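Asks: Generate a structure from the sequence data that follows.
(one chain, ligands or ions: 1)
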Amino acid sequence: MKILVCKNYDEMSERAARIFAAQLILKPDTVLGLATGSTPEGMYASLVEKYNEGKIDFSEVTSFNLDEYYNLPKENDQSYDYFMKKHLFNHVNIKNYNLPNGMAEDVEKECKDYEAKIDAAGGIDIQVLGIGQNGHIGFNEPASAFKKETHLVELTESTIEANSRFFESADEVPKKAVSMGTGTIMKSKKIVLLASGEAKADAIAKTVYGDIDPMVPASILQLHKDVVLVLDEKAASKLDPKDYTRM
Ligand SMILES: N[C@@H]1[C@@H](O)[C@H](O)[C@@H](COP(=O)(O)O)O[C@@H]1O
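Replies: Residues are numbered from 1 along each chain as shown. Next comes the predicted model:
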């Protein structure tokens with residue numbers, strides 16, 4: 001694991017955006033794996049800026065998002081489809097983007113089809129991840145085993161609670177989501193995990209130093225050969241400085 005520690009959220013976002021921009025310059029037909037949550041917002045803003053400056057182009061890009069709420073219409077301003085349009089897709093020339101369809105009548109089929117679509121695109125070249133306070137990635141919640149493929153997830157109380165800040169009340173937060181599996185994520189050729197703030201420090205320490213344990217889903221990233229953690233100082237506060245590069 002390569003770990004880069006930046007001063008604050010803005011520098012973390014810029015550093016991550018540069019990694020993605022470099023990827024798009026080197027391989028214009030990159031298959032991107034995208035994430036939602038407040039953490040990557042700054043990175044998306046910086047990518048939009050770089051696009052407007054003519055530094056990067058999305059016309060040949062294909063993207064796949066990690067997850068989507070179950071049974072929440074796309075038009076709802078809390079859907080991940082809405083989030084991605086608001087922060088990225090409406091501002092760049094991307095044509096081919098994909099999210100799991102959380103409204104699918106046959107969810108099991110939707111999960112299989114999503115997995116097949118990723119494979120047909122040649123697999124994900126570079127995947128951005130955030131991390132939940134309980135160590136979840138995508139919506140792969142702590143569990144007794146790692147889930148291999150895209151699946152329907154029951155969200156944990158702590159995730160519902162953490163996401164309730166975006167809804168009127170915890171009652172309105174969807175209780176299920178469709179998420180890529182940990183196996184889907186691990187098949188990405190490169191992974192960039194972003195984390196910012198004190199609340200993520202424990203999850204990050206467990207991800208880096210802990211046992212590889214499905215109760216801390218992100219800990220499996222220790223087994224991936226090309227992972228970069230881009231953190232701000234607060235998220236890195238429980239790491240030994242000898243283990244990271246200061247930006
Ligand atoms: N499904 C998303 C994750 O992909 C995200 O990493 C996590 C953390 O969100 P935030 O970045 O807002 O802390 O929230 C949600 O559960």
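Asks: all helices for the chain, in order.
Replies: 9-26, 41-52, 80-87, 107-120, 157-163, 182-186, 201-209 (DSSP state H).
Asks: mind listing what's buried in the second one?
Replies: Buried residues in helix 41-52, defined by neighbour count with 16 or more other C-beta atoms under 10 Å: 41-48, 50-51. Glycine gets a C-beta too; all of them are placed from N, C-alpha and C.
Asks: Look up the residues forming beta bridges with the residue lying closest to residue 19 once chain neighbours are set aside.
Replies: Leaving aside its sequence neighbours, residue 19 sits nearest to residue 192 (C-beta to C-beta, 6 or more residues apart in numbering; 5.6 Å). In this entry, residue 192 is beta-bridged to residue 128, residue 228, by DSSP bridges.
Asks: closest one to residue 137 among the helices of the chain?
Replies: Nearest to residue 137 among the helices of the chain is helix 182-186; the distance by C-beta to C-beta comes to 6.2 Å.
Asks: what residues does that closest one touch?
Replies: 33, 66, 115, 118, 127, 129, 137-138, 140, 146-150, 191, 214, 217, 220-221, 223-224 (C-beta atoms under 8 Å, 6 or more residues apart in numbering).
Asks: rerun that using 7 Å as the cut-off
Replies: Residues from elsewhere that reach helix 182-186, judged by C-beta atoms under 7 Å, 6 or more residues apart in numbering: 115, 118, 127, 137-138, 140, 146-150, 217, 220, 224.
Asks: Please list which of the residues you listed also come close to the ligand.
Replies: Among the contacts of helix 182-186, the ones lying near the ligand by C-beta under 6 Å from any ligand atom are residue 138.
Asks: PyMOL command to pick out the buried ones of the contacts of helix 182-186?
Replies: The PyMOL command for the buried members of the contacts of helix 182-186 (criterion: 16+ other C-beta under 10 Å) is given here:
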select buried, resi 115+118+127+137+138+140+146+147+149+150+217+220+224
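Asks: which among the contacts of helix 182-186 gets closest to residue 246?
Replies: Of all these, residue 224 has the smallest distance to residue 246: 22.9 Å, by C-beta to C-beta.
Asks: Show the pLDDT at the closest one.
Replies: Confidence at residue 224, expressed as pLDDT, is 98.
Asks: wait, what's in contact with it?
Replies: 186, 191.
Asks: Within range of the ligand, give me the residues from this protein.
Replies: 35-39, 66-67, 130-132, 138-139, 159.
Asks: pLDDT score for residue 14?
Replies: For residue 14, the model assigns a pLDDT of 98.
Asks: swap in residue 135?
Replies: 97.
Asks: The residue nearest to it when sequence neighbours are not counted and residue 182, how far apart?
Replies: Of all residues not flanking residue 135 in the chain, residue 216 sits nearest, at 3.8 Å (C-beta to C-beta, 6+ apart). As judged by C-beta to C-beta, to the nearest Å, residue 216 and residue 182 stand 11 Å apart.
Asks: What of residue 211?
Replies: 15 Å.
Asks: As a quick check, tell me the outermost residue of the protein.
Replies: residue 242 (26.4 Å; C-alpha atoms, centre = their mean).
Asks: Which of the helices and strands in the protein ranks last by mean pLDDT?
Replies: helix 157-163 (a mean of 90; mean pLDDT, DSSP states H and E).
Asks: so what's residue 127 up against?
Replies: By C-beta under 7 Å, 6+ apart, the neighbours of residue 127 are 33, 185, 188, 191.
Asks: pLDDT score for the first one?
Replies: Residue 33 is assigned 98 on the pLDDT scale.
Asks: Surely the residue nearest to residue 19 and residue 15 touch.
Replies: No - Residue 192 lies out of contact with residue 15 (C-beta atoms under 7 Å); the separation is 9.5 Å.
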